[in-house]
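Q: Show me how the following folds:
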Amino acid sequence: MNVRGFAPSWFASVMGTGALALVSEAYSSKLPSLKGLAEGLTILNTAIFFVLLVLWSLRWIKYREEAVRDLYHPILGNFYGTIGVASLVLSADWLFILKNETLGWAFWLFGVPFVLLFAFLIPYIVFTGEGIDTKNITPAWFIPPVGLIVIPISGARLMALSSGTAKELMAFINYSSWGSGFFLYLALFAVIMYRFIRHEPMPCGIAPSIWINLGPIGAGTSTLYALVKASGFIKLKEPFLAFGLIFWGFGVWWFVMAVILTLHYIRKLNLPYSLAWWAFIFPLGAYVSATFKVGETFGISAIKDFGFALYWLLLTMWLVTSVLTLRNFVFRPKQRGAS
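A: All right, here's what the predicted structure looks like:
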């Protein structure tokens, strides 16, 4: 792999694989063999993360100008947030699948500073720049808010395991992050909907980013439930759980719309493989996870079964994307990947 051309979006592969591991663990209650898959994916994903981390660091050391240029790019810059999100997802994998609190803490403490850094830095670059044509806005802009929303994915459990001042600090970080990410998502959602209405379809190379909207919906629902259930100071939990059900419901509409738009690209435009295909995986994985948790929380088997059906779609898309990634980037190292 070319270090100079290393794309910041590579960490989306860790996000997607980690999300698949989590939902495999969740649905092992229906199919016990999925537990072994979840454990294997966690080990594999951890190795991939450290390989990518080395390459990411080398690029900043040897080719700083290229790295900075990507940071200021209106699309690529948002993908810098994936490094922190990837670490947070790994934290959840180790905490919930392999039951390792030490590594759960380690990946969470590593990921949170990166998520917070890019959640402020990327908007700062945009706010102080010369302005961006709405035509260049894509759902990739959801990545920084998603990072904030994902902080409680294991942060809620780690908060419950803490005590005293540490527990209060964890509550501050988790709730402020979720609230910031949620309202940033709402603001950006309006802007991106305007872009969809006002301009022609996005370039074919970044068409999979349409699915990213499922990320904040799915992760937002799951982490809201995790926070509320882990917070003893919230006595009346039902309104929050009901809101999560409604938020999840919006995801059904967006899932169908994402499928329709993807088919439109396949039939009438083009959908060439690129690293952007990983945008199919984590958002759908986050939504499948939320579907499981909503169904389990309210005891609605139809919702859990719907999630189990989506799980097989997720697994298929992960397999296809993984094979194409290996073929295009590992076995053809001279080919630079698109983000």
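Q: pLDDT on stretch 289-300, on average?
A: For stretch 289-300, mean pLDDT is 96.
Q: Which residues in it does the neighbour count mark as buried?
A: In terms of neighbour count (16 or more other C-beta atoms under 10 Å), stretch 289-300 has its buried residues at 289-297. Heads up, the C-betas are built off the backbone N, CA and C, glycines and all.
Q: Pull the distance from stretch 93-105 to the chain's centre.
A: 18 Å (C-alpha atoms, centre = their mean, to the nearest Å).
Q: ditto for stretch 130-146
A: With C-alpha atoms, centre = their mean, you get 16 Å for stretch 130-146.
Q: What are the buried residues along it?
A: Buried residues in stretch 130-146 (16+ other C-beta under 10 Å): 137-146.
Q: Show me which of these is closest to N213.
A: N213 has its nearest neighbour among those in P139, at 5.5 Å by C-beta to C-beta.
Q: which residues in the stretch 151-300 of the chain form helices?
A: Taking DSSP state H, counting those that start in this stretch, the helices of the stretch 151-300 of the chain run over residues 152-161, 164-198, 214-230, 238-268, 281-298.
Q: check contacts around the residue located most distally from the centre of the chain.
A: For the chain, the residue at maximal distance from the C-alpha centroid (C-alpha atoms, centre = their mean) is G164, at 30.8 Å. Neighbour list for G164: empty [criterion: C-beta atoms under 8 Å, 6 or more residues apart in numbering].
Q: Please apply the same query to I149.
A: So I149 contacts 177-178, 181-182, 185, 216, 219-220, 223 (C-beta under 8 Å, 6+ apart).
Q: quick one: which of those is nearest to M257?
A: For the contacts of I149, the nearest to M257 is P216 (15.1 Å; C-beta to C-beta).
Q: circling back to that earlier point, make JSON lines from the buried residues of stretch 130-146 and add pLDDT and secondary structure to it.
A: As requested, the buried residues of stretch 130-146 are exported to JSON lines (pLDDT from 0 to 100; DSSP: H, G, I helix; E, B strand; the rest coil):
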{"residue": "I137", "pLDDT": "89", "secondary structure": "coil"}
{"residue": "T138", "pLDDT": "91", "secondary structure": "coil"}
{"residue": "P139", "pLDDT": "93", "secondary structure": "helix"}
{"residue": "A140", "pLDDT": "91", "secondary structure": "helix"}
{"residue": "W141", "pLDDT": "92", "secondary structure": "helix"}
{"residue": "F142", "pLDDT": "93", "secondary structure": "helix"}
{"residue": "I143", "pLDDT": "93", "secondary structure": "helix"}
{"residue": "P144", "pLDDT": "92", "secondary structure": "helix"}
{"residue": "P145", "pLDDT": "93", "secondary structure": "helix"}
{"residue": "V146", "pLDDT": "94", "secondary structure": "helix"}
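Q: Among the residues you listed, which pair sits farthest apart?
A: I137 and V146 (15.8 Å).
Q: wait, which of the helices of the stretch 151-300 of the chain is closest to L58?
A: helix 281-298 (24.5 Å).
Q: Past the closest one, which element shows up next along the chain?
A: helix 301-325 (DSSP states H and E).
Q: For that following helix, which helices and strands make contact with it?
A: If you count contacts as 3 or more C-beta pairs under 8 Å, 6 or more residues apart in numbering; DSSP states H and E, helix 301-325 packs onto helix 11-26, helix 281-298.
Q: What is the last one packed up against?
A: Under the contact definition 3+ C-beta pairs under 8 Å, 6+ apart, helix 281-298 sits against helix 11-26, helix 214-230, helix 238-268, helix 301-325.
Q: Between helix 238-268 and it, find me the angle.
A: Inter-element angle recorded for helix 281-298 and helix 238-268: 140 degrees (by axes from the mean of the first three to the mean of the last three C-alpha atoms, to 10 degrees).
Q: For G84, the count of nearby residues, please.
A: Burial of G84 is recorded as 26 neighbouring residues (other C-beta atoms under 10 Å).
Q: To clarify, my last question referred to Y27.
A: 22.
Q: Can you give me the distance of it to T297?
A: 15 Å (C-beta to C-beta, to the nearest Å).
Q: Throw the contacts of I149 into a markdown table and include pLDDT, thanks.
A: Shown next, in a markdown table, are the contacts of I149 (pLDDT from 0 to 100):
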| residue | pLDDT |
| --- | --- |
| S177 | 97 |
| W178 | 97 |
| G181 | 96 |
| F182 | 97 |
| Y185 | 96 |
| P216 | 96 |
| A219 | 97 |
| G220 | 97 |
| T223 | 97 |
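Q: Which among the helices of the stretch 151-300 of the chain is found nearest to V126?
A: Between V126 and these, the tightest spacing by C-beta to C-beta is seen for helix 164-198, at 10.8 Å.
Q: Would you mark the buried spots in the closest one?
A: Result for helix 164-198 [16+ other C-beta under 10 Å]: buried residues 170-171, 173-175, 177-178, 180-182, 184-185, 188-189, 192, 195-196.
Q: again, but for stretch 245-258
A: 245, 247-248, 251, 254-255, 258.
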